[in-house]
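A.B. asks: With the input below, show me the fold.
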Amino acid sequence: MVVRILALASIWVMSWATCLKGQSYPPVLSLKDQAEVVDLWMGERLRMIMPGLMKREKIDLWVIISREYNEDPVIKTMLPATWLAARRRTILVLHHDELKDTIEAYAIARYDVGQYFKKSWDPDEEPDQWQALADLITSLKPKSIGINTSENFGLADGLAHTDYVHFMNVLPDQYRDKVTSAEKLAVGWLETRTKSEEIAYRQLVRFAHQIIAEGYASVHPGITTTDGLVWWFRQRIQSLGFDTWFHPTVSIQRMAEDSDGQSRSFASRPETTVIMPGDLVHCDIGIVYLRLNTDTQQHAYVLRPGEEEAPEDLNDALAIGHRAQDLLTREFKTGKSGNDILRNALEACHQAGIDATIYTHPLGFHGHAAGPIIGLWDQQGGVPGKGDYLLYPNTAHSIELNVEVDIPRWGKVRIMLEEDAFFDGEQVYYLNGRQKVFHLITPVDHINKQ
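C.D. replies: Sure, this is the predicted structure:
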């Protein structure tokens, strides 16, 4: 199995070399092959990530409970690829053996849950599923029992009230005071990437960048609308075999004398507008593959007659955006909170004369994923709870921010950047680089004059 998956991965990576030389996309793995990869990664994650996380959070027993179609966000990342939902009531138990530093995975269910969670309930011997869970807990003699309740992270707050009541009612008295929130354990599980996932993430972000480039190349100025490009992105993402975790957006900014008030609003989607020469176009897309999510924003400029590149002042504004990104990512240090990173980065931008707004977030099994929030667009003074969470190594982040630059004839231009990056504990690197120059959209009549 491992050899087969490595072969699949090698074929996918090598196909990118062909893709970069030409214009075609490399093949997306078949659904069957994707399922094999996802399940292999699950085994790697249990072996390589889970023991250290449970040790770090001092939880030696983690109980995750869900019912069909009301799945805990964490359990959805642990179900085998062929399970699209929990079945009846699915109970998973993870036990950290401190002596061996290994994970024992149990399923209080009528059958194994995939390859790794072994059936640990025989209804013929014990008809009551809850009592079977209590019996297992008693046999394991845990020092602490983590459950998915959280004030700050919705992704770590997946235990339904009914299941909580049943669980506490059946739990032996001597273990009641050992029950604790598994918030940080759940967030750690969701945010931490293996080396295999990190490598695959690079390819996935490259896919996202190529989709954006192709989308901008499809624009016909004077004909294509922003909403038309939105749906082009949505359709293209699906036709390539990916999912998208949000509906794409496309907006424009124009010189003051050409503008009809169009600008990007955080509170509402931009209105549909015909894309014209001289427009600064912005897009935001996110794709999903192998349970991983991307989130990318890039700009294009529509050339006016006689122009060969974007105006110099727009290029200067993009460079200011890059500077803000650099000032932000240099603040990434293991053990710093999201709020500390935000405060330091904003102060550095202020000292550099940059008018920046920062709203960077983790990436992983979700687009707006678990981990330290580094600002929200409407909370630049810090984010209580999520912003207090600490930065850990081997995590992916969407480096998202904007800078406002006053440009003659334009007024205030907002450069909105979002690129996916990885923090390895020492440094931040962009998973497939970042946008260094504007995409250029050339009107057809301009092409004919060359």
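
A.B. asks: from here on, contacts and neighbour counts on C-alpha atoms
C.D. replies: Will do.

A.B. asks: tell me the strands in the stretch 301-450 of the chain, going along the chain?
C.D. replies: Along the stretch 301-450 of the chain, counting by DSSP state E, counting those that start in this stretch, strands occupy 355-358, 361-363, 395-407, 411-423, 428-430, 439-441.

A.B. asks: Return the most buried member of the ones you listed.
C.D. replies: Highest mean neighbour count of these: strand 361-363, a mean of 25 (counted as mean count of other Cα atoms under 10 Å).

A.B. asks: strand partners of it, parallel vs antiparallel please.
C.D. replies: Using DSSP bridges, the strands paired with strand 361-363 are strand 395-407 (antiparallel).

A.B. asks: what's the angle between the partner strand and strand 411-423?
C.D. replies: In terms of direction (axes from the mean of the first three to the mean of the last three Cα atoms, to 10 degrees), strand 395-407 departs from strand 411-423 by 160 degrees.

A.B. asks: How far does strand 395-407 sit from its chain's centre?
C.D. replies: On the basis of Cα atoms, centre = their mean, to the nearest Å, strand 395-407 sits 16 Å off its chain's mean C-alpha point.

A.B. asks: Contacts for it, please.
C.D. replies: 191-193, 294-296, 313-314, 317, 320-321, 324-325, 329, 354-364, 412-424 (Cα atoms under 8 Å, 6 or more residues apart in numbering).

A.B. asks: Kindly recompute the last result at 6 Å.
C.D. replies: In this structure, residues lying in contact with strand 395-407 by Cα atoms under 6 Å, 6 or more residues apart in numbering are 191-193, 321, 355-363, 412-423.

A.B. asks: go on, stretch 209-227?
C.D. replies: With contact meaning Cα under 6 Å, 6+ apart, stretch 209-227 is reached by 250, 272-276, 443.

A.B. asks: Show me which of the residues you listed are buried.
C.D. replies: 250, 272-273, 275-276, 443 (16 or more other Cα atoms under 10 Å).

A.B. asks: Please tell me how far T225 sits from F438.
C.D. replies: 19 Å (Cα to Cα, to the nearest Å).

A.B. asks: Also Y359?
C.D. replies: Y359 is 22 Å from F438, by Cα to Cα.

A.B. asks: again, but for G146
C.D. replies: 48 Å.

A.B. asks: what about stretch 420-440, start to end distance?
C.D. replies: Terminal-residue distance, stretch 420-440 (Cα to Cα): 22 Å.

A.B. asks: change the start of the numbering to 21 and stick with it
C.D. replies: Noted, 21 is the first residue going forward, which turns the last one into stretch 440-460.

A.B. asks: Could I get the pLDDT score of the residue minimising distance to the centre of the chain?
C.D. replies: Closest residue to the average C-alpha location of the chain: L383 at 2.5 Å, with Cα atoms, centre = their mean. Per-residue confidence at L383 stands at 98 (pLDDT).

A.B. asks: ok, it touching A389?
C.D. replies: Yes. Between L383 and A389 there is a contact under Cα atoms under 6 Å: 4.9 Å.

A.B. asks: rewinding a little: and of the buried ones among the contacts of stretch 229-247, the nearest to P100?
C.D. replies: Distance to P100 across the buried ones among the contacts of stretch 229-247 (Cα to Cα) is lowest for V270, with 35.6 Å.

A.B. asks: can you confirm P100 is in a helix?
C.D. replies: No. The assignment for P100 is coil, going by DSSP: H, G, I helix; E, B strand; the rest coil, so no helix is present there.

A.B. asks: what residues are up against it?
C.D. replies: Residues near P100 by Cα under 6 Å, 6+ apart: G134.

A.B. asks: All the helices of the protein, residue numbers only.
C.D. replies: Under the criterion DSSP state H, the chain contains helices at 22-41, 51-68, 70-76, 93-96, 149-160, 181-190, 193-196, 203-211, 215-237, 246-259, 332-349, 358-371, 464-468.

A.B. asks: Low-confidence stretches in this protein?
C.D. replies: Residue ranges of the chain with pLDDT under 70: 21-46, 277-290, 464-470.

A.B. asks: How about W252: what's its closest non-neighbour residue?
C.D. replies: Leaving aside its sequence neighbours, W252 sits nearest to G235 (Cα to Cα, 6 or more residues apart in numbering; 7.0 Å).

A.B. asks: what's around the one you found, how many residues?
C.D. replies: Using other Cα atoms under 10 Å, G235 has 16 neighbouring residues.

A.B. asks: That one and G174: what is the separation?
C.D. replies: Applying Cα to Cα to G235 and G174 gives a distance of 34 Å.

A.B. asks: try Y409
C.D. replies: For Y409 relative to G174 (Cα to Cα), the value is 14 Å.

A.B. asks: So for those two, which sits in the more crowded spot?
C.D. replies: Each of Y409 and G174 has its neighbours counted (other Cα under 10 Å); Y409 has more, 23 against 15.

A.B. asks: Please list all residues in contact with that one.
C.D. replies: 357, 392.

A.B. asks: Next, give phi and psi for it.
C.D. replies: phi -70, psi 150 (degrees, to the nearest 10).

A.B. asks: in stretch 313-330, what's buried?
C.D. replies: By 16+ other Cα under 10 Å, the buried positions in stretch 313-330 come out as 313-324, 329-330.

A.B. asks: G166 and F458: which has the busier surroundings?
C.D. replies: Of the pair G166 and F458, G166 is the one with more neighbours under other Cα under 10 Å, namely 25 against 18.

A.B. asks: The more buried one is in contact with K204, isn't it?
C.D. replies: No. Using Cα under 6 Å, G166 makes no contact with K204, being 9.9 Å away.

A.B. asks: State the distance from the residue nearest to W252 to G242.
C.D. replies: Taking Cα to Cα as the measure, G235 falls 16 Å from G242.

A.B. asks: and the protein, what are its domains?
C.D. replies: As assigned by automatic domain parsing, the chain contains the domains 70-209, 213-468.

A.B. asks: so can I have a markdown table of these showing distance to E64?
C.D. replies: Shown next, in a markdown table, are these (distance: least, Cα to Cα, whole Å):
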| stretch | distance to E64 |
| --- | --- |
| domain 70-209 | 9 |
| domain 213-468 | 8 |
